[in-house]
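**Q** sequence and predicted model, in that order:
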Amino acid sequence: MEKSEGQKLKAKLFDERKSGWEHLDNDQKTAILDFNNDYIDFLNKCKTERECAKFTEELLIQNGFEQIDKKKTLNPGDKVYYINRKKAVYAAVIGKDMLEEGLNLVGAHIDSPRLDLKPNPLYEDNNLALLKTHYYGGIKKYQWTAIPLVIKGVIAKSNGEIIDINIGEDKNDPIFTITDLLPHLAKNQEKKTLGEGIAGEDLNVLVGSLPYDDEKVREKVKLNILNILNQKYGITERDFTSSELEVVPAFEAKSLGFDASMVAAYGQDDRSCAYTTIRALTSLQNPERTAIALLADKEEIGSMGNTGMSSQNFEVFIAKLLDKTGQNGPNVLEKTFCNSKMLSSDVTSALDPTYADVEERNNAAYLGCGIAFCKYTGHGGKSGSSDANAEFVAKIRNILEKKSLIYQMTDMGKIDVGGGGTIALILANKGIDVIDCGVPVLSMHAPYEVTSKFDIYNAYEVYQAFYED
Ligand code: MN
Ligand code: MN
């Protein structure tokens, strides 16, 4: 049927968002599903920032990247990386252009909301052994009770020995949980607000109930647990004080839905962006401009500290690139930043039909409609946002439209219902042109988050296009 004048005009003038799944051919669908199988595998191996850094290092090495400190000089096409304290990754592919003409950076974070053990975590109460936790990042505390949990991380002993801990994922391992009150006796608890129902000090992990067989000692259950840990790892109670032990969901990453079009997993904020970033970087050969991937730690608690994005270690990495390419000199580092462009790749909220009233529909991000750009983040009148320049947003649009990649331009939530921040402003403050973008997520920050397989693959393609520009 012939289109009417109005229909033709509307098609030309309106900006309408479409599902990315429409009009895909079979090859494209296969590429999306294959990529997501690898992504799901990655999520199952990487539930802590240390696991992500280790996995990423192996992937980089497989793709010809070398530790930067092993290289005396660098030339176009060379690939190098640096792992910052086992928790953050910087990787680069050297371009043909001078570095001071600017870098193409994509930055994500590999820390996720979780429960950390307190320095003195283990105690016994009413014949049960429990671990005290201190939550990390923004969580809804009630979501962490009555679910299977695993414990991962390291114990650093004062003699220098590092013990890796990973309990709960092997099928022969026990798991852990945080108990919740039965509904029969929860009359008072249920009168509390959702935010107050479970307090931070209630997030105690149940870890044992067997007493040590000796009539003469008190705290027999705690003693039995310490004895088990001592036999297995050679540690005593004091060794907890120099540990980083994270309690994370035991859930396996899986395909979601009858149509298997989505991914359900813990930690997709922001490992969906981290994985796609590193896959895009490792697919790159001989770029014009030097391409950098940043996988930061500590984003969920403000990006501070020496493994967070604010750390000086990042400047040192770029300075090393300048030194080893023989391009360093007075103020070259600053000039390099001022000429650089960056995608701050961090997930955003996808419109949830059940909670659609927190979103403003024209500017919400929709699952399956591609990577979501946020010109600004922040809260209460863009406070704490770097707000990308119109000219830079236009440049990004040009990069994507040339490759016919779909994307959405979004704003997270209605005004004054909340907000959030990312690493964007830290890099923008150095003079870099930065825009936020990332995979839309349902149930963000929950123990089980949901993404669209289309958006995951689209993010990968968008980062590739950005690196190649
Ligand atoms: Mn994030
Ligand atoms: Mn987050």
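**A** Ah, there it is. Ligands and ions are numbered 1, 2, ... in the order given.

**Q** do stretch 403-416 and ligand 1 come into contact?
**A** No: for stretch 403-416, no contact with ligand 1 is found by CB under 5 Å from the ion; the gap never falls below 11.2 Å. No exception for glycine: its C-beta is placed from N, CA and C like everyone else's.

**Q** list the buried residues in that stretch.
**A** Neighbour-count burial for stretch 403-416 flags Leu405, Ile406, Tyr407, Gln408, Met409, Thr410, Asp411, Met412, Gly413 (criterion: 16 or more other CB atoms under 10 Å).

**Q** mind checking what secondary structure the residue nearest the centre of the chain has?
**A** The centre of the chain sits closest to Asp270, judged by CA atoms, centre = their mean, with a distance of 2.0 Å. When classified by DSSP: H, G, I helix; E, B strand; the rest coil, Asp270 comes out as helix.

**Q** so it versus ligand 1, what's the distance?
**A** 4 Å (CB to the ion, to the nearest Å).

**Q** and whichever strand or helix holds Glu391, how far from the chain's centre?
**A** Per DSSP states H and E: Glu391 is located in helix 390-402. Its chain's C-alpha centre lies 25 Å from the corresponding centre of helix 390-402 when counted by CA atoms, centre = their mean, to the nearest Å.

**Q** before we move on, back to that, including secondary structure and distance to Val393, could the buried residues of stretch 403-416 go into a markdown table?
**A** What follows is the buried residues of stretch 403-416, written out as a markdown table (DSSP: H, G, I helix; E, B strand; the rest coil; distance: CB to CB, whole Å):
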| residue | secondary structure | distance to Val393 |
| --- | --- | --- |
| Leu405 | coil | 15 |
| Ile406 | coil | 16 |
| Tyr407 | strand | 11 |
| Gln408 | strand | 13 |
| Met409 | strand | 8 |
| Thr410 | strand | 12 |
| Asp411 | coil | 13 |
| Met412 | coil | 16 |
| Gly413 | coil | 20 |
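
**Q** hmm, back to that, what residues sit buried inside the helix holding Glu391?
**A** Buried residues in helix 390-402 (16+ other CB under 10 Å): Phe392, Ile396, Ile399, Leu400.

**Q** in the longest strand along the chain, what's buried?
**A** Longest strand in the chain by number of residues (criterion: DSSP state E): strand 114-125. Neighbour counts over strand 114-125 (16+ other CB under 10 Å) mark Arg114, Leu115, Asp116, Leu117, Pro121, Leu122, Glu124 as buried.

**Q** and the average pLDDT for that strand is what?
**A** Mean pLDDT, computed over strand 114-125, is 98.

**Q** do the helix or strand following that strand and ligand 1 meet?
**A** Per DSSP H and E, the first helix or strand lying C-terminal to strand 114-125 is strand 128-136. No: judged by CB under 5 Å from the ion, strand 128-136 and ligand 1 are separated, with a smallest distance of 12.9 Å.

**Q** and stretch 281-300, by the same measure?
**A** No: between stretch 281-300 and ligand 1, judged by CB under 5 Å from the ion, nothing touches; the nearest distance is 5.7 Å.

**Q** ok so Ile426 is a strand residue?
**A** No: using three-state DSSP, the secondary structure at Ile426 is helix, not a strand.

**Q** that one - how many residues pack around it?
**A** Ile426 has 23 neighbours, counted by other CB atoms under 10 Å.

**Q** what do you get for Cys338?
**A** Residue neighbour count, defined by other CB under 10 Å, stands at 14 for Cys338.

**Q** show me the contacts for the nearest residue in space to it that is not next to it in sequence.
**A** Closest residue to Cys338 apart from its sequence neighbours, by CB to CB, 6 or more residues apart in numbering: Gly431 at 3.6 Å. Taking CB atoms under 8 Å, 6 or more residues apart in numbering, we find Gly431 in contact with Glu334, Phe337, Cys338, Ser340.

**Q** could you redo the last one with a cut-off of 10 Å?
**A** When contacts are counted by CB atoms under 10 Å, 6 or more residues apart in numbering, Gly431 touches Glu334, Lys335, Thr336, Phe337, Cys338, Asn339, Ser340.

**Q** could the residues you listed go into CSV alongside secondary structure, pLDDT and distance to ligand 1?
**A** Listed next are the contacts of Gly431 as CSV, based on DSSP: H, G, I helix; E, B strand; the rest coil; pLDDT from 0 to 100; distance: CB to the ion, whole Å:
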residue, secondary structure, pLDDT, distance to ligand 1
Glu334, helix, 97, 28
Lys335, helix, 98, 30
Thr336, helix, 98, 26
Phe337, helix, 98, 23
Cys338, helix, 98, 26
Asn339, coil, 98, 27
Ser340, coil, 98, 21
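
**Q** which ones are touching the closest residue to Phe337 other than its chain neighbours?
**A** Spatial nearest neighbour of Phe337, excluding adjacent residues (CB to CB, 6+ apart): Lys430 at 4.2 Å. Going by CB under 10 Å, 6+ apart, Lys430 touches Phe314, Glu315, Ile318, Leu333, Glu334, Thr336, Phe337, Cys338, Ser340, Met342.
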